[in-house]
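# I would like to see how this sequence folds:
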Amino acid sequence: MRTAFTIIFLALIFSLPNSAASADETGLSPQGKSIIERHLKKYVRDPSSLVITRLWIEDADLVPLMACGAFNAKNAFGGYSGETMFQTMYDADSGELTDTIIEDDVNTARSIALSCQAFGLTEDDFKRIDLE
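As a prediction, this is how the structure comes out:
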């Protein structure tokens with residue numbers, strides 16, 4: 001059964017468009033993605049299972065930049081819990097993240113979506129990006 005799942009999973013991965021091209025569209029360096037990933041691991045039960053599924057970085061010359069996205073990680077039962085939205089301010093000069101907000105209810109999700117839209121996020125920008 002596990003072998004069948006692995007084969008199906010690999011087939012799905014190879015049928016997706018090249019994620020490296022999408023990752024470049026964020027304008028964020030691999031180092032910046034790594035910083036965001038390390039930061040988000042503080043908020044999940046199983047840090048080794050964290051997968052950032054969506055990522056958008058504000059397209060501006062300002063510092064810090066608004067970073068919006070979603071991640072998934074395993075819960076206490078060992079299953080993935082579903083996408084959780086986040087927003088944070090990313091300072092590319094210092095590599096620091098501040099003012100991080102993690103979705104914990106419908107109101108927080110709505111607040112994150114509105115904040116990210118105010119910084120220029122559109123639905124088309126919010127694409128699925130696999131950082132691994």
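# Do a quick rundown of the strands in this protein.
Along the chain, counting by DSSP state E, strands occupy 51-57, 65-72, 84-91, 96-102.
# so which of those strands gets nearest residue 124?
Closest of the strands of the chain to residue 124 is strand 51-57, at 10.2 Å (criterion: CB to CB). To be clear about C-beta, it is placed using only N, CA and C from the backbone, and glycine gets the same treatment.
# counting contacts, what elements does the closest one pack onto?
Applying 3 or more CB pairs under 8 Å, 6 or more residues apart in numbering; DSSP states H and E, one finds that strand 51-57 contacts helix 30-40, strand 65-72.
# how does it look with 10 Å?
Secondary-structure packing of strand 51-57 (3 or more CB pairs under 10 Å, 6 or more residues apart in numbering; DSSP states H and E): helix 19-25, helix 30-40, strand 65-72, strand 84-91.
# Can you tell me which of those is packed in deepest?
strand 65-72 (a mean of 22; mean count of other CB atoms under 10 Å).
# Packing partners of it?
Contacts defined by 3+ CB pairs under 10 Å, 6+ apart place strand 65-72 against helix 30-40, strand 51-57, strand 84-91, strand 96-102, helix 106-118.
# Any chance of CSV for those, columns mean pLDDT and distance to residue 70?
Formatted as CSV, those follow (pLDDT from 0 to 100; distance: least, CB to CB, whole Å):
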stretch, mean pLDDT, distance to residue 70
helix 30-40, 89, 10
strand 51-57, 87, 4
strand 84-91, 90, 5
strand 96-102, 89, 10
helix 106-118, 87, 9
